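*Asks:* predicted structure and sequence below. I'll ask about it afterward.
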Amino acid sequence: MYRPQRLEGARARLGVVQVLVLALLATLGGRLWYLQVRSGAQFQAAAAANDLRSVSTPAVRGDILDDQGHPLVANKPTLEVTVDLSTLQQQPHGGIAVLDRLASVLGVPESQIAQKIRLCSSKVKQPCWPGSPYQPVPVATDVAQSIGMEILEDHDKFPGVTAQAAATRTYPAPFGVNAAQMLGYLSPVSSSELSKAGNDYQPTDMVGRAGLEQEYDSILRGEAGVSEVAVDNLGRAVRTVSQTAPVPGDDIVTTIDAHVQAVAEQQLAAAIQSAHGVWDTETHSYGKADSGAVVVLNVQTGGVVAMASYPTYDPNVWTGGINAQTYARLTSAAAGTPLLDRGYQGEYPPGSTFKAVTTSAMLQDGFPADGTYDCSTDFPVGNQDFHNFEGEAFGPITLKQAIEVSCDTVFYRVAYQMWLKDGGNNPVAHPSDPVQTMSTELGLGKDTGIDLPGESPGLIQTRQEKLASWQANKADWCAHGKDGYPDVARTDPARAAYLKQIAYENCLDGWQFRAGDAVLEAIGQGGVEVTPLQLARAYATIANGGTLYQPHLLQAVMTPGGKVVSTYQPKVVAHVPIDSATRSFLMNALEGVAQAGTASGVYGAWPQNTIPVGAKTGTADVYGQNPTSVFASVVPANHPQYAIVMMVPQGGQGAQISGPAVEKIEEAMYGVQGGAQLANAALLPTPPAGLPVITADGLLPVTFPYPQQWPPVAPPPASPGATVAGAARSKP
């Protein structure tokens, strides 16, 4: 039966559907217009950006040169095998067969190469590739030329693999120089460095660690090149859109003289070996020296001419990455911590070399230079006697003689008088503390500011420092003063008892600056510790009349082509109140030490008439050990150019161990042979007048301005019972 109502309902529903379809089409059309017309340019730009990848190319790192232009650190051309991941992934089974063939040619397991080319992530740790997947991944460095030729000639067998030139950090060691601690090393950039705001590191960068490599990393590193690579929808590189070449790093010209540095290293090692054959009359044992340092400083600029540290290591161990076992040895105390640069990081008591500082303070405080001083066998302070070396006594002597014979009791008395003048145990409101004040003015007890990381400050114990130390350590001292040192007592009861007594006394009144503190510091013991660099700078400051320079290694920055970018200007830190009379007196006294005093055995054949030398010996006592051998020298004494300091812990007397080694360094620098100066044999009688000349191709002209007989062959280690020839037996 026909029902018009149902037909009309169907038509109405169809109309609704038509409206909905038209609305949907209108919406899609509007959206398409918005995407293609209104926002088309924006999305085209975004799509183009998604097709590009940035690839970084590291720059060749700058060289580190000595003052003559000889490379201390350079880059060695090598052959490097790399793998292109995009090409490899296009091969059957991801290129496994290619990797197998490559592993066979290189003589390594395929798994080793596979690990190197996998991309690093939070779940994938080293070994892996931290760089861009569109950047060639190095899988072997310093490969033989024959291997490189095989890969290049059979390129059909090695798709995505190539052999190309690369640069490896190397240490040319001119004249056999080492200088490992000063130079530093490279290691991969860390994740924390990459995440630091404002950094310009790339994931594949090598960063300077320690030494000059760290201090001047930004100059040496240069600027990385950047390539824009287009990739397809599968992430495969198809073409290079743009490319910016890397800018090589600049070279650093240092104040180090490679030949003098080599001689210093050699003589330091020889001194340490010779200590093993010298009998110490106080400890009744042969020297046990196993470390030390020597510094040669330019008196007029603060430039470091040489700074040797022992023990040292081969810096080439960092090339290509260092293994855990080798790194553990470099940082091991049992191995002598070879990474430590004892020239500016080692802290030692200076012993009698400190008397130059005390004398400066005495004269500044009004003690007469021409007065008479009592050199007795000992000097009592309270219930303690402070003795002269080996019970020596010279009676009434002049201050110059006191320095020449290194009479301790003269300086004990002077320090005690200064301490009393400041109020003794009840100090005046503002004690002058002449010795401590002069020490700090000469730069002791604080960083020198040398352009190397991790400098040690040393210690000059003042009233303020002693109070702060007491407040920080009181609880610990009181605990040990009560309970002792059980762990030490098991192996060394005498030392444990000594330490317990010291802790007990420090607990009670360790904040007080007592008479014993004052007299010990006057002879460079007690609360005095210095680095060899600090002591050399103090002597340089006295020698030049009071100008305290900031020690430095940088001399200039040059492009690889030899163009000077900048030069370093010596920085004056302070002018120390050392008047001309004080300077003249001290230089004359130091000459007397070398000519007739405790260093006369060291300079017995030295041409004092043509090259006068000023010197001071030192023997610093250390509880339970052989003394620290210390020697300080200024040369020439009449117009000082260099200050030289050597310190050898457990080395014995300064005149026996450090002194002869320093004299050998001076022989090399000034060409002294057989008691006469040979001008053509002198390595560095005066500092270089200008910068080295480097050719436009970045090469140093092949010239050898030095006599080739230096450095001489190091003497063999002394046998037990032997002594150093010509060494003085008087107190250093």
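*Replies:* Great, that's in hand. All of these numbers come straight from a predicted model, not from anything done at the bench.
*Asks:* only C-alpha atoms from now on, for both contacts and neighbour counts.
*Replies:* Will do.
*Asks:* run a quick neighbour tally on the closest residue in space to residue 339 that isn't next to it in sequence.
*Replies:* Once flanking residues are discounted, residue 339 sits nearest to residue 330: 5.5 Å by Cα to Cα, 6 or more residues apart in numbering. The tally of other residues near residue 330 (other Cα atoms under 10 Å) stands at 19.
*Asks:* alpha carbons only: can I get stretch 590-609 in CSV?
*Replies:* Backbone C-alpha positions of stretch 590-609 (Å, rounded to 0.1, in the frame of the first residue of the first chain) are rendered in CSV as follows:
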residue,chain,number,x,y,z
LEU,A,590,124.8,34.8,47.6
GLU,A,591,128.0,35.2,45.6
GLY,A,592,129.9,34.5,48.8
VAL,A,593,127.9,31.2,49.3
ALA,A,594,129.1,30.1,45.9
GLN,A,595,132.7,31.2,46.3
ALA,A,596,133.5,30.4,50.0
GLY,A,597,130.3,29.1,51.6
THR,A,598,128.3,26.0,51.6
ALA,A,599,128.1,25.9,47.7
SER,A,600,131.8,26.4,47.1
GLY,A,601,132.2,22.7,46.5
VAL,A,602,129.6,22.9,43.8
TYR,A,603,131.3,25.8,42.0
GLY,A,604,134.9,24.9,42.6
ALA,A,605,135.8,25.1,38.9
TRP,A,606,133.3,27.7,37.9
PRO,A,607,134.6,30.9,36.2
GLN,A,608,133.4,33.3,38.8
ASN,A,609,135.4,36.2,37.4
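*Asks:* distance between it and the chain's centre?
*Replies:* 33 Å (Cα atoms, centre = their mean, to the nearest Å).
*Asks:* kindly report the same for stretch 76-96.
*Replies:* Its chain's C-alpha centre and that of stretch 76-96 lie 39 Å apart, by Cα atoms, centre = their mean.
*Asks:* swap in stretch 647-663?
*Replies:* 23 Å.
*Asks:* now do the end-to-end distance for that stretch.
*Replies:* 14 Å (Cα to Cα, to the nearest Å).
*Asks:* would you confirm that residue 439 contacts residue 460?
*Replies:* Yes. Contact criterion Cα atoms under 8 Å: residue 439 and residue 460 qualify, at 7.2 Å.
*Asks:* what do the two both touch?
*Replies:* Taking Cα atoms under 8 Å, 6 or more residues apart in numbering as the criterion, residue 439 and residue 460 both touch residue 445.
*Asks:* what about those two, which has more around it?
*Replies:* Taking neighbours as other Cα under 10 Å, residue 439 and residue 460 compare with residue 460 leading, 24 against 21.
*Asks:* can you pull out the strands in the stretch 151-300 of the chain?
*Replies:* Here the stretch 151-300 of the chain has its strands, by DSSP state E, counting those that start in this stretch, at 161-170, 185-188, 206-209, 225-231, 237-244, 251-254, 279-280, 285-286, 292-298.
*Asks:* how about TSV for these, with mean neighbour count and distance to residue 685 added?
*Replies:* Formatted as TSV, the strands of the stretch 151-300 of the chain follow (neighbours: other Cα atoms under 10 Å; distance: least, Cα to Cα, whole Å):
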stretch	mean neighbour count	distance to residue 685
strand 161-170	18	30
strand 185-188	18	31
strand 206-209	20	33
strand 225-231	18	45
strand 237-244	14	47
strand 251-254	28	18
strand 279-280	18	35
strand 285-286	17	36
strand 292-298	30	11
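*Asks:* which among the ones you listed is found nearest to residue 197?
*Replies:* strand 206-209 (16.7 Å; Cα to Cα).
*Asks:* list the contacts of the residue nearest to residue 526 when sequence neighbours are not counted.
*Replies:* Once flanking residues are discounted, residue 526 sits nearest to residue 520: 5.3 Å by Cα to Cα, 6+ apart. By Cα under 8 Å, 6+ apart, the contact set of residue 520 is 412, 526-527.
*Asks:* ranking by neighbours, what's the top pick from the residues you listed?
*Replies:* Neighbour count (other Cα under 10 Å) singles out residue 412 as the most crowded of the contacts of residue 520, with 27 neighbours.
*Asks:* lowest-confidence helix or strand of the chain?
*Replies:* Least confident helix or strand, the chain: helix 40-50 with a mean of 55, by mean pLDDT, DSSP states H and E.
*Asks:* list the contacts of residue 379.
*Replies:* Per Cα under 8 Å, 6+ apart, neighbours of residue 379: 385-387, 409, 412-413.
*Asks:* please read the previous query as pertaining to residue 593.
*Replies:* 403-405, 599-600, 614-616.
*Asks:* one more time with 6 Å
*Replies:* The neighbours of residue 593, taking Cα atoms under 6 Å, 6 or more residues apart in numbering as the test, are 404, 599, 615.
*Asks:* okay, buried residues for stretch 441-457 please.
*Replies:* Residues of stretch 441-457 classed as buried by neighbour count (16 or more other Cα atoms under 10 Å): 441-448, 450-453, 455-457.
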